[in-house]
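Visitor: here's a sequence, model it:
(2 chains)
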Amino acid sequence: MSDEPEIQEPSPDGGLADHPLTAQRLAKHETTLAGEGYPYRFDRTKYAGDLHEAYGSLEPGTETEDRAAVAGRLMAMRRMGKLIFAVLQDTTGRIQLFVDKRTLGDDAFAAFDDLGIGDWVGASGVVITTKKGEVSVRINDFELLSRALRPLPDKWHGLQDTEMRSRRRYVDLMVNDDARRTAMMRARIVSELRRQFEARGYIEVETPVLLNQATGALAKPFQTHHNALEQDMYLRIATELYLKRLVVGGLERVFEIGRIFRNEGVDSTHNPEFTMLESYEAFADYNDIMDMVEEMIRACAIVATGSTEITYQDRTLDLGKPFRRVRMVDLVAQATGEEMDFDRPLDEMRALAEKHGIDVDGTWGHGKIIDQLFEELVADEIWEPTYVLDHPKEISPLAREHRDDPNLTERYELFIAGSEYANAFSELNDPLDQRLRFEQQAAARAEGDDEAHPIDEDYILALEYGLPPTGGLGIGVDRLVMLLTDQHHIREVILFPTLRPEA
RNA sequence: GGGCCUGUAGCUCAAUAGGCAGAGCAGCGGACUUUUAAUCCGAAGGUCGUGGGUUCGAUUCCCACCGGGCCCA
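Guide: Numbering: from 1, shown residues only, chains lettered A, B, ... in the order given. Sure thing, here's the model as predicted:
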């Protein structure tokens, strides 16, 4: 023996034999493997949901002659001696199995009795309703399809621990109806968004995630390294500039629903990777995009909840009536009681901001100060859907100058219940102006503003070939799903949120 | 980054002025042919997040670390 610390050999069963609860299940599993093994397929004829829909209105104590083969995870076993009530859960819901020793025979009944909660089971029989009226399948045959070697959480309380619910989402999905419902609703919402764009003649495209330079937004990127090319690369922080290159190329209506990566903090509305929807439409301006977003959000609400009137954070929210449209400068003027005039001396603007508790940076101009006042005084207070219009040019380096006001841009953000859901503009399509804006950003960056956009020369090159007038849009998909599913933390709508390694 | 809270059986939760750690569910043995959080009887099940410290004795007090939550920046 040496003094070296003993190396822990990983046990071949992953530690299952070390705990009585799993050792029993492991032993049964090994017996099955040594014997007839597990089936490779099962012919299901009915989902749980089908049976409840078709037979839910039958009188208690009805016996049909209709055969059904169901399959799912065994979620409950109520043993009554020579009778077992078992509950199978499939993707549509739950169905009770009526397991009668006389129907099934002694051996098969004993085998069913030996099943454990969590096992995957396929069973067939006739549809009946019990004395209490529960739609059930009285089985005369069943197969153990796969065994759960680990026990399920508490049947009544489910899995509560927030961390475990995220780490072992599969368990969360098994036992918590709300987790399943949210995942299903997210799928429906994303599907509806696609349908909406396709109905408008958009095509779905995929632009690169791995880039030499992360541009198109104000955010810190994740850095990685390409070994063969011997160069550092970045994960995208937006899809914007690539999608507009495609419009330059003549793909006049494009959208992308894609994963975006931002190397920033984690909180109730931020995950390092999240899903962004961006779209660009040639010949449209931001007014057209406002109309479109309103229709799409209503469509998604109906798909998710059946109504445009939803409940969010215990308050009702009417997405059905026209969204309010109001300029950012007017909202700030109203909140401060002072007119937002770009000709006003900058010192007065700074003093106003400081009066409202804002820590003013020396690099800020009128536009940035107005934006900060908006964030500080107005944004949280907005409940009803509101398009906040015409952001200052200083904070909108990719948006086109407003046709009526050179200090502003044709841009809007959609605010609902204090949060931002969409950001859109009439796209800046003049390469000369775009270069100027990038240079202003570069100057701000040089003065210490680490939230300034980097310059993207190749994008300017693309603009030099001509971008038509274009209306663009970005929607945070995770947040939209949160809104429509009444979830208040982004981890509840992301199946596998970013976590530290387990302790 | 700061403040507060938190980690106990597979799960959901208790308890301890510092002295053998407790329940429900799940699991195991038994009874039961209409249950649906079934019921009843019985026997089990713990590295109290990890590592230090104080102490005769630490799950409990102190320190550090790890994971998680909420609020603030």
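Visitor: contacts and neighbour counts: CA atoms only from here.
Guide: Noted.
Visitor: paired strands for the strand or helix carrying residue A:255, with orientation please.
Guide: Element membership of residue A:255 [criterion: DSSP states H and E] is strand A:253-261. If you go by DSSP bridges, strand A:253-261 pairs up with strand A:203-204 (parallel), strand A:273-282 (antiparallel).
Visitor: so for residue A:215, which of those strands sits nearest?
Guide: strand A:273-282 (14.4 Å; CA to CA).
Visitor: need the contact partners of the strand holding residue A:255.
Guide: Applying CA atoms under 8 Å, 6 or more residues apart in numbering, the external contacts of strand A:253-261 come out as A:197, A:201-207, A:209, A:221-222, A:235-239, A:243, A:246-247, A:272-282.
Visitor: is RNA strand B within reach of the longest strand anywhere in chain A?
Guide: Ranked by residue count under DSSP state E, the longest strand found in chain A is strand A:63-79. Yes: judged by CA under 7 Å from any atom of the strand, strand A:63-79 and RNA strand B are in contact via A:76-79.
Visitor: let's have the strands paired with strand A:253-261 in CSV, adding distance to RNA strand B and mean pLDDT.
Guide: Shown next, in CSV, are the strands paired with strand A:253-261 (distance: least, CA to the nearest atom of the strand, whole Å; pLDDT from 0 to 100):
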stretch, distance to RNA strand B, mean pLDDT
strand A:203-204, 33, 98
strand A:273-282, 15, 97
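Visitor: C-terminal to the longest strand of chain A, what's the next element?
Guide: strand A:83-90.
Visitor: for that next one, packing partners?
Guide: Under the contact definition 3 or more CA pairs under 8 Å, 6 or more residues apart in numbering; DSSP states H and E, strand A:83-90 sits against strand A:63-79, strand A:93-100.
Visitor: tell me which residues of it come out buried.
Guide: Residues of strand A:83-90 classed as buried by neighbour count (16 or more other CA atoms under 10 Å): A:83-90.
Visitor: start to end distance for stretch A:308-325?
Guide: Start and end residues of stretch A:308-325 are separated by 19 Å (CA to CA, to the nearest Å).
Visitor: list of residues touching that stretch?
Guide: Residues contacting stretch A:308-325 (CA under 8 Å, 6+ apart): A:294, A:297-298, A:301-302, A:383-389, A:483-484, A:486-488.
Visitor: make a ChimeraX selection of the buried ones in those residues.
Guide: Buried subset of these, written as a ChimeraX selection, criterion 16+ other CA under 10 Å:
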select /A:294,297,298,301,302,383,384,385,386,387,388,389,483,484,486,487
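Visitor: and the contacts of stretch A:308-325, which of them are in helices?
Guide: Those of the contacts of stretch A:308-325 mapping onto helices are A:294, A:297-298, A:301-302, A:483-484, per DSSP state H.
Visitor: of these, closest to RNA strand B?
Guide: Within the ones in helices among the contacts of stretch A:308-325, the smallest distance to RNA strand B is 15.8 Å, found for residue A:483 (CA to the nearest atom of the strand).
Visitor: find the nearest non-adjacent residue to that closest one, please.
Guide: Leaving aside its sequence neighbours, residue A:483 sits nearest to residue A:312 (CA to CA, 6 or more residues apart in numbering; 6.6 Å).
Visitor: with residue A:481 instead?
Guide: Here the residue nearest residue A:481, using CA to CA, 6+ apart, is residue A:186, at 5.9 Å.
Visitor: could you do residue A:63 as well?
Guide: Closest to residue A:63 by CA to CA, 6+ apart is residue A:128, at 4.6 Å.
Visitor: secondary structure class of the one you found, three-state.
Guide: strand (DSSP: H, G, I helix; E, B strand; the rest coil).
Visitor: doesn't residue A:68 make contact with it?
Guide: No: Residue A:128 is beyond contact range of residue A:68, at 10.4 Å (criterion: CA atoms under 8 Å).
Visitor: which residue of these two possesses the greater neighbour count?
Guide: In terms of neighbours (other CA atoms under 10 Å), residue A:128 is the more surrounded of residue A:128 and residue A:68; the figures are 25 against 20.
Visitor: bridging residues for the more buried one?
Guide: residue A:63, residue A:136.
Visitor: contacting residues for it?
Guide: Contacts for residue A:128 were tallied using CA under 8 Å, 6+ apart; they are A:61-64, A:135-138.
Visitor: then residue A:124?
Guide: A:67-70, A:137-142.
Visitor: quick one: those as a markdown table, columns for distance to residue A:344 and pLDDT too.
Guide: Rendered in a markdown table, the data for these read as follows (distance: CA to CA, whole Å; pLDDT from 0 to 100):
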| residue | distance to residue A:344 | pLDDT |
| --- | --- | --- |
| A:67 | 80 | 97 |
| A:68 | 77 | 98 |
| A:69 | 76 | 98 |
| A:70 | 73 | 98 |
| A:137 | 78 | 98 |
| A:138 | 81 | 97 |
| A:139 | 82 | 97 |
| A:140 | 85 | 94 |
| A:141 | 83 | 96 |
| A:142 | 81 | 97 |
